[in-house]
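[1] model the structure of this input:
(one chain, ligands or ions: 2)
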Amino acid sequence: MIRYITAGESHGPSLTGIVEGVPAGLPLTEDEIATHLVRRQQGYGRGGRMAFEKDFATISSGLRFGKTMGGPIAMSMPNRAFEKDDAGWPTVMNKKEEAEGIEKITLPRPGHADLVGAQKYKFDDIRPVIERSSARETAMRVACCSIAREFLKHFGIEIGGHVLRIGSVGFEGWDEVRSIADPLAEHGAEAIYKAADESDVRCLDEELSEQMREEIKVRRKEGSSLGGIYEIVITGLPVGLGSYVHWDRKLDGQLAQAIMSTQAMKGVEIGLGFEAGHRPGHEVHDEITYEENDFKRRSNRMGGIEGGMSTGMPIILRGVMKPIPTMLNPLSTVDMKTKEETETRYERSDVCALPRAVVVAESVLAPVLANAFLEKFGGDSIEDIEANVKAATQ
Ligand SMILES: Cc1cc2nc3c(=O)[nH]c(=O)nc-3n(C[C@H](O)[C@H](O)[C@H](O)COP(=O)(O)O)c2cc1C
Ligand SMILES: C=C(O[C@@H]1CC(C(=O)O)=C[C@@H](OP(=O)(O)O)[C@H]1O)C(=O)O
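    Ligands and ions are numbered 1, 2, ... in the order given. The predicted structure is shown next:
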């Protein structure tokens, strides 16, 4: 079973990650991991921080001659913000000897972890909450998950995401999206993310991309922020990953948890999702056929999962991200120190991080799928697993 843990603060010296349970013999390079780290930094609507961070994870254990050895893989990634002290407020993490002189942050932002975090941990300064709740953590999360992603790719399983909606601009309904995404998915889900990467809002439609950019521009000018909806497609899956036999083995439940564990996510749907509640059964369920010695389905409105198990069709999952809580135009809040009503203070921020969050969402699904795959075909080495897959498909 692949497990990973991340450590690090947004403006601390570095982020650290350890990935345990990766089978031996998987070819892996830092550059492959960096592909997704670079993608996570790109996107229209990003803030100033992403312009100067140069995310790269250095591997310090678990590899020999470019292949995994079965032991924990440790990674480290520096925060350039730690040295820069450029954010317009003291980057307090590198000035521990001056703790007394540093201004406390006492104005919690609605929608961020600030108020509840300070209440829970009994802080009179929001800074420690900001540091660890920040989506800076997703940089190391993407690095860790990219290893599981490489494992899946080795067995022909690909993941690709794209943006469906930003604020008021988006595709009209399920069929319109399918007409663009499904033909790409026939070449493997990576064709989807590669096509989406052509647009700086990661949308597959050129006209919508332009409108989304405009929407972000308008909301930025107003001092507001935006979220949106994205879709992730996973191809190359065998039948029967996950199980209906127990609640915690259902693949859809595990995938949803991974998405909801990501900063700013407020919902997940699989296949038709919430639209299934609007349609009668005959317009929802995927009819079964038998062609070329195999069971097939006429459609994939269940999004590749039935009974908590992969059907062998592409998994289609959508997530919704709320608008960024930090906004130039302030919201009402209360000063934690004086208890007086006042307004939030602005700190450097993304205006819309959805195009970047798509890469995070693609990534966090990888360990879930890799573990479901290992549960079915598992072994200590890639060689063992290849033999198990071969035996199961003969
Ligand atoms: C890729 C990404 C970038 C983000 N950037 C910011 C940001 O610049 N400013 C901000 O206030 N929130 C940002 N967020 C959202 C906050 O991290 C998040 O709302 C906060 O941690 C509270 O957690 P919750 O939204 O899950 O409740 C970002 C989220 C993601 C996934
Ligand atoms: C640093 C990243 O995102 C950060 C997420 C974030 C937040 O509150 O979640 C706040 C901002 O941090 P800063 O105030 O340092 O600019 C974002 O830039 C990153 O994605 O690597």
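[2] distance of the closest residue in space to Leu354 that isn't next to it in sequence from Ile166?
    Closest residue to Leu354 apart from its sequence neighbours, by Cβ to Cβ, 6 or more residues apart in numbering: Gly228 at 4.3 Å. Heads up, the C-betas are built off the backbone N, CA and C, glycines and all. Separation of Gly228 from Ile166 (Cβ to Cβ, to the nearest Å): 4 Å.
[3] what touches both of the two?
    Common neighbours of Gly228 and Ile166 are listed as 352, 354 (criterion: Cβ atoms under 8 Å, 6 or more residues apart in numbering).
[4] tell me where the stretch 101-250 of the chain has helices.
    114-121, 127-133, 137-154, 173-185, 190-196, 206-222 (DSSP state H, counting those that start in this stretch).
[5] if you could redo that for the stretch 251-394 of the chain, that was the one I meant.
    251-260, 354-377, 382-393.
[6] give me the angle between the second one and helix 382-393.
    For helix 354-377 against helix 382-393, the angle between stretch directions is 70 degrees (axes from the mean of the first three to the mean of the last three Cα atoms, to 10 degrees).
[7] which residues touch Thr289?
    Thr289 neighbours (Cβ under 8 Å, 6+ apart): 295-298.
[8] among these, which one sits closest to ligand 1?
    Using Cβ to the nearest ligand atom, Arg297 comes nearest to ligand 1 of the contacts of Thr289, at 33.2 Å.
[9] partner residues bridging the closest one?
    Ile288 (DSSP bridges).
[10] so where's this structure uncertain?
    Within the chain, the ranges that satisfy pLDDT under 70 run 85-92, 94-101.
[11] near ligand 2, which residues of it?
    Within the chain, the positions near ligand 2 by Cβ under 6 Å from any ligand atom are 10, 47, 49, 53, 81, 87, 134-136, 138-139, 263, 347-350.
[12] could you find the closest non-adjacent residue to Val129?
    Of all residues not flanking Val129 in the chain, Gly117 sits nearest, at 3.3 Å (Cβ to Cβ, 6+ apart).
[13] count the neighbours of that neighbour for me.
    For Gly117, the count of nearby residues is 17 (other Cβ atoms under 10 Å).
[14] pull up the gap between it and Arg39, please.
    Remark: distance between Gly117 and Arg39 (Cβ to Cβ) = 29 Å.
[15] try Ser363
    Computed as Cβ to Cβ, the Ser363 to Arg39 distance reads 10 Å.
[16] those two: which is more packed in?
    Each of Ser363 and Arg39 has its neighbours counted (other Cβ under 10 Å); Ser363 has more, 27 against 22.
[17] residues contacting the closest residue to the more buried one other than its chain neighbours?
    In this structure, Ser363 finds its nearest non-sequential neighbour in Cys145, 3.7 Å apart by Cβ to Cβ, 6+ apart. With contacts defined as Cβ under 8 Å, 6+ apart, the neighbours of Cys145 are 4, 363-367.
[18] quick check, nearest of these to ligand 2?
    Proximity of the contacts of Cys145 to ligand 2, judged by Cβ to the nearest ligand atom, is greatest for Ser363, which lies at 12.7 Å.
[19] coming back round to it: kindly indicate which of the contacts of Thr289 lies nearest Glu306.
    Each of the contacts of Thr289 was scored against Glu306 by Cβ to Cβ, and Arg297 proved nearest at 9.2 Å.
[20] what about the strands in the stretch 1-150 of the chain?
    Using DSSP state E, counting those that start in this stretch, the strands of the stretch 1-150 of the chain run over residues 3-7, 14-20, 58-59, 63-64, 67-68, 73-78.
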